[in-house]
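Trainee: below are the sequence and a predicted model; questions follow.
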Number of protein chains: 2
Amino acid sequence: MRTAKSAPEGPPAAPSGARAARKRQAILEAAHRVFLREGFGAGVDLLAAEAGVSKVTLYNHFGSKENLFKEVIGRTLDEALGASESLIIDRLAESDDVRADLLAACRSWVSGLATPEVLALRDVIAGERRRFPALGEIWQERGPVRQHAALARALGRLDERGLLRIPDMELAVLQLSGLVLSPHLVYGSYGADMSASLADRLVEGGVDMFLARYGTGAAVPGK
Amino acid sequence: MRTAKSAPEGPPAAPSGARAARKRQAILEAAHRVFLREGFGAGVDLLAAEAGVSKVTLYNHFGSKENLFKEVIGRTLDEALGASESLIIDRLAESDDVRADLLAACRSWVSGLATPEVLALRDVIAGERRRFPALGEIWQERGPVRQHAALARALGRLDERGLLRIPDMELAVLQLSGLVLSPHLVYGSYGADMSASLADRLVEGGVDMFLARYGTGAAVPGK
DNA sequence: ACTGAACCGAACCGTATAGTTCAGTTCAGG
DNA sequence: CCTGAACTGAACTATACGGTTCGGTTCAGT
């Protein structure tokens, strides 16, 4: 009898064990695919079928469709931002060739986020924000906020080292993001994707514009 | 008997007359409010109630919820973009003080689009794009595409007149948009709105960055 | 003042979906 | 190898929504 004991059963505890771990993983992978393909409107029956799992099992593990979606958001963002986050941004901070490393960081940043999958997920979340505010909060926290913090840290370090001069860091971060990334987010939301050529011109042109404004003479070694 | 005559009744013709015009207007105004507040998920019953109109009347006028929403999108964008479109952009083309007029154009542009209502509508459309692609197309066509065309025309004219030098117009338009407008669209999608101070720094900083890159000596008269 | 278009409201239809229940089956750890 | 936790599938509840139908009422143009 499971409903015994006493009252306070908050989260009824997800199943444990080897089999449960496999099922859980299968559900998460299927949900990743299905949510990206169909949006949050995808039915729970479909999610369960795609995972090769019964609906009951799905509910035993995640409790609700919303919870499952939250997990998927977190995983997707970690995957999309992991590369540029620690790898590139931290390397940028101690760079000796700011232009080259800033270009690399921005390329990685854009290629991680400006994919049809991530853009579609972003739109789904934006559209569902009114009904499920928690989704938007998770996205914001594990996405833009984290990324901007990392970028601000790296740029601040470059300022300290005299390679850049940035009087208004909040503004500078938004500007860099606006120059190299935002066009993808804003104009990729309507299905019309961007040519690779234009994407590249955005990164190069944006970085040059950024350095023309905030660079010091010391920013490029060979020049 | 209305279903008589012969076959080809495509759009069954909206009601006409004085009363019908009033009702139609009431429906559009209510739908504007409700869709902005509740998103496309708002029930037709609610829309009709808010308009002080029966559901049947609503369907007689617009045929479907989707059609009604399309009308609302068009009206909202015309209202949001009308000011900056013809008024400012055309004035910018023949400007003698590019910095001042570009600042004015951008301020008008941002203040028209970066309102909670327009941002919310944008999110709703983005989220519903999978189910109703026509909504996204209307938004894109009557919004960004039109606006970018006007901006490109004005900047092209300034190039002709020797006040700017813009080798890649497509890139330049995206950059200006990215600098002054995109941060609102991208980071306003999560409820966290932007301080007036930051919005102003974005416009001023963005225009200066833009002119530093594309301006010629002739761009500012007094200098 | 009359006539028909336009309107009302309430019931109705069909469909879709989140989440639950349950009786019976599979699996894994002790 | 055996016991109970975890899983299955299918039926079930409850709800919500888009759109239609219908009998009866209001209004506006002639």
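Mentor: Cool, the structure landed.
Trainee: at contact distance from chain B, anything in the host helix or strand of A:Asp123?
Mentor: Assessed by DSSP states H and E, A:Asp123 sits inside helix A:116-128. Yes: for helix A:116-128 and chain B, the contact criterion (CB under 8 Å from any CB of the partner chain) is met by A:120, A:122-128. The way it works is simple: take the backbone N, C-alpha and C, and place the C-beta from them, glycine included.
Trainee: buried stuff in the helix or strand that that helix is followed by?
Mentor: Scanning forward in sequence from helix A:116-128 by DSSP H and E, the next helix or strand is helix A:133-140. For helix A:133-140, the buried set under the neighbour-count rule, 16 or more other CB atoms under 10 Å in any protein chain shown, comprises A:135-140.
Trainee: for chain B, what's its nearest residue on chain A.
Mentor: Here the residue of chain A nearest chain B is A:Gly127; by CB to the nearest CB that distance is 1.1 Å.
Trainee: let me know whether that residue touches B:Phe132 as I believe.
Mentor: No: assessed by CB atoms under 8 Å, A:Gly127 is found out of contact with B:Phe132, at 11.1 Å.
Trainee: between helix A:116-128 and the longest helix seen in chain A, find me the angle.
Mentor: Ranked by residue count under DSSP state H, the longest helix found in chain A is helix A:18-38. Angle between the axes of helix A:18-38 and helix A:116-128 is 80 degrees (criterion: axes from the mean of the first three to the mean of the last three CA atoms, to 10 degrees).
Trainee: quick check: mean pLDDT across helix A:18-38?
Mentor: Taken as a whole, helix A:18-38 carries a mean pLDDT of 92.
Trainee: cool, stretch A:106-114 as well?
Mentor: pLDDT averaged over stretch A:106-114 gives 92.
Trainee: in it, what's buried?
Mentor: A:106-110, A:112-114.
Trainee: go on, stretch A:38-54?
Mentor: In stretch A:38-54, counting by 16+ other CB under 10 Å, buried: A:38-40, A:42, A:47-48, A:50-51, A:53.
Trainee: which ones, among those residues, also lie beside DNA strand C?
Mentor: A:Ala42 (CB under 7 Å from any atom of the strand).
Trainee: kindly indicate which of the buried residues of stretch A:38-54 lies nearest DNA strand D.
Mentor: Each of the buried residues of stretch A:38-54 was scored against DNA strand D by CB to the nearest atom of the strand, and A:Val53 proved nearest at 4.1 Å.
Trainee: pretty sure the closest one sits against A:Ile27.
Mentor: Yes: judged on CB under 8 Å, A:Val53 makes contact with A:Ile27 at a distance of 5.8 Å.
Trainee: got the angle for the one helix or strand A:Arg99 maps to vs helix A:116-128?
Mentor: If you go by DSSP H and E, A:Arg99 is part of helix A:98-113. On the basis of the same axes, to 10 degrees, helix A:98-113 is oriented at 70 degrees to helix A:116-128.
Trainee: residue ranges in chain A under the pLDDT threshold?
Mentor: A:1-12, A:87, A:190-192, A:218-223 (pLDDT under 70).
Trainee: could you list the domains of it?
Mentor: Here the domain parsing of chain A from automatic domain parsing is A:14-63, A:68-216.
Trainee: show me what contacts the residue lying closest to A:Glu170 once chain neighbours are set aside?
Mentor: Of all residues not flanking A:Glu170 in the chain, B:Leu198 sits nearest, at 6.6 Å (CB to CB, 6 or more residues apart in numbering or on different chains). Taking CB atoms under 8 Å, 6 or more residues apart in numbering or on different chains as the contact definition, B:Leu198 lies against A:170-171, A:174.
Trainee: B:Leu198 sits in which helix or strand?
Mentor: Counting by DSSP H and E, B:Leu198 is part of helix B:196-214.
Trainee: got phi/psi on the closest residue in space to A:Arg165 that isn't next to it in sequence?
Mentor: Of all residues beyond its chain neighbours, the one nearest A:Arg165 is A:Thr216 (5.5 Å), with distances taken as CB to CB, 6+ apart. Main-chain torsions, A:Thr216, degrees, to the nearest 10: phi -110, psi 180.
Trainee: ok, A:Leu164 next?
Mentor: According to degrees, to the nearest 10, A:Leu164 has phi -140, psi 160.
Trainee: separation between the most centrally placed residue in chain A and A:Asn67?
Mentor: In chain A, the residue lying closest to the centroid (CA atoms, centre = their mean) is A:Leu77, at 3.2 Å. Using CB to CB, to the nearest Å, A:Leu77 is found at 16 Å from A:Asn67.
Trainee: and A:Ser111, by the same measure?
Mentor: For A:Ser111, the distance to A:Asn67 - CB to CB - is 30 Å.
Trainee: same question, A:Arg24
Mentor: Applying CB to CB, the value for A:Arg24 to A:Asn67 is 12 Å.
Trainee: got it, and A:Phe40?
Mentor: For A:Phe40, the distance to A:Asn67 - CB to CB - is 12 Å.
Trainee: let me see the contact set for the closest residue to A:Leu174 other than its chain neighbours.
Mentor: The shortest distance from A:Leu174 to any non-neighbouring residue, by CB to CB, 6+ apart, is to B:Pro183 (4.6 Å). B:Pro183 is in contact with A:174, A:177-178, A:182, B:194, B:202, counting by CB under 8 Å, 6+ apart.
Trainee: what do you get for A:Lys70?
Mentor: Applying CB under 8 Å, 6+ apart, the residues near A:Lys70 are A:134-135, A:138.
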